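S.K.: only geometry, no sequence info:
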């Protein structure tokens, strides 16, 4: 599915002019169903490609097969398609398709036993902290004011554009923060190491919760360590890690304080749940990354509720019907509450989406 974005979403590496989503539904031989979502933000034409990957590559490997659990299916698919991912030069898209299937299987299992997913995963607290993300540099102060009125107490600004403009936005937002509010920034890999080292002292003058991806995510660990030693502000990354080995390295090194898996980009729930637990055991902060449709956001919320801790759920501040129709619980003083609906709790909303004008126009 794809809907226009009334306000383009800006990042340092490109602009989203529409909001794509790849949703999928699985059904077992008893008629139980589950919903999943595949990451497809950039470039937006990748949504159609991932849809074809599901139809022609991943689904044929699933149809008619029996698995003991979603975990066993995830492990089998990762093993089965490891060589193809290398051969095709597409480890990301293939991992994203597998992640979407995994989310759907977990939703199906939880719905089958009649419990919310977070409780099936061992969670006991339905309340989770959240923050408003994706705040564009244009009209940033007004966006923060709107998000505050919607119940948020934490905000994240996109930076990595014009340095003077970035600093002006940060100064205006931090000056207006209320006592219990938190503010973070996301550079989206905008800077070289030298540029980051020159910018970090200026950012440290503000009270920032974290600085996200100041340099390219795949830079050597010694460069990340150099940044960590150069600032007192916590560093965050993780949305571009796409293997258990990537996360093990990120968790074991002291450079990162906040680690942000995106469960629709890699791992689904089977891969990310143990990673989230490892993050917390290591004394770091698990804050799931997410900027897509409502199914993936719901799954991220359930995993966060399952593991607990002081992490926050990332909620895109930009309008997106493919999120809002499916999963948009009210935020009150920076927290939202998951309902006791079985699974991800989005089955009825998904039916409403399919019946809407958007669904009738976009479903294929």
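M.R.: Right, received. Where do you want to start? This is a predicted model, so every value here is computed, not measured.

S.K.: show me the chain divided up by domain.
M.R.: 2-115+351-362, 119-344 (automatic domain parsing).

S.K.: looking at those domains, which is buried most?
M.R.: Comparing the domains of the chain by mean neighbour count (mean count of other Cβ atoms under 10 Å), domain 119-344 ranks first with a mean of 20. (C-beta placed from N, C-alpha, C; glycine too.)

S.K.: still on that earlier bit, any chance of the domains of the chain in CSV, plus mean pLDDT?
M.R.: Converted to CSV, the domains of the chain look like this (pLDDT from 0 to 100):
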stretch, mean pLDDT
domain 2-115+351-362, 94
domain 119-344, 97
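
S.K.: surely residue 17 touches residue 3?
M.R.: No: contact criterion Cβ atoms under 8 Å: residue 17 and residue 3 do not qualify, at 11.0 Å.

S.K.: who's in contact with the residue nearest the centre of the chain?
M.R.: Centroid check for the chain by Cα atoms, centre = their mean gives residue 290 as the closest residue, at 1.9 Å. Going by Cβ atoms under 8 Å, 6 or more residues apart in numbering, residue 290 touches 262, 263, 264, 296, 297, 300, 313, 314, 315, 316.

S.K.: give me the phi and psi angles of it.
M.R.: Backbone torsions of residue 290, given as degrees, to the nearest 10, read phi -170, psi 140.

S.K.: 20 is where my numbering starts, stick with that
M.R.: Taking 20 as the first residue, the last one we looked at is residue 309.

S.K.: ok, the closest residue to residue 122 other than its chain neighbours - contacts?
M.R.: What sits nearest to residue 122 in space, not counting adjacent residues and going by Cβ to Cβ, 6 or more residues apart in numbering, is residue 55, at 3.8 Å. Applying Cβ under 8 Å, 6+ apart to residue 55 gives the contacts 42-45, 118-124, 126, 287, 314, 318.

S.K.: if we look at the helix or strand encompassing residue 187, which residues are touching it?
M.R.: Secondary structure assignment for residue 187, by DSSP states H and E: helix 182-194. For helix 182-194, contacts defined as Cβ under 8 Å, 6+ apart pick out 156, 159-160, 163, 174, 176, 178-179, 202, 204, 218, 221-222, 225-227.

S.K.: and the residue lying closest to residue 238 once chain neighbours are set aside, how far is that from residue 65?
M.R.: Closest residue to residue 238 apart from its sequence neighbours, by Cβ to Cβ, 6+ apart: residue 212 at 6.9 Å. From residue 212 over to residue 65 the distance is 29 Å, taken as Cβ to Cβ, to the nearest Å.

S.K.: and residue 123, by the same measure?
M.R.: For residue 123 relative to residue 65 (Cβ to Cβ), the value is 19 Å.

S.K.: can you pull the phi/psi pair for the residue nearest to residue 238?
M.R.: phi -60, psi -40.

S.K.: returning to what we had before: closest to residue 97 out of the contacts of helix 182-194?
M.R.: Nearest to residue 97, judged by Cβ to Cβ, of the contacts of helix 182-194 is residue 179 at 32.3 Å.

S.K.: nearest spatial neighbour of that closest one, chain-adjacent residues omitted?
M.R.: residue 209 (2.7 Å).

S.K.: can you show me the strands along the stretch 20-169 of the chain?
M.R.: 21-30, 33-39, 41-46, 52-57, 146-154 (DSSP state E, counting those that start in this stretch).

S.K.: how near is the residue nearest to the centre of the chain to residue 333?
M.R.: 5 Å.

S.K.: re the thing from before, redo the contacts of residue 309 as CSV? Include secondary structure and distance to residue 112.
M.R.: Compiled in CSV, these are given as follows (DSSP: H, G, I helix; E, B strand; the rest coil; distance: Cβ to Cβ, whole Å):
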residue, secondary structure, distance to residue 112
281, coil, 14
282, coil, 16
283, coil, 12
315, helix, 15
316, helix, 20
319, helix, 20
332, strand, 25
333, strand, 22
334, strand, 25
335, strand, 22
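
S.K.: tell me which of those is nearest to residue 253?
M.R.: Out of those, the member with the shortest distance to residue 253 (by Cβ to Cβ) is residue 333, at 15.6 Å.
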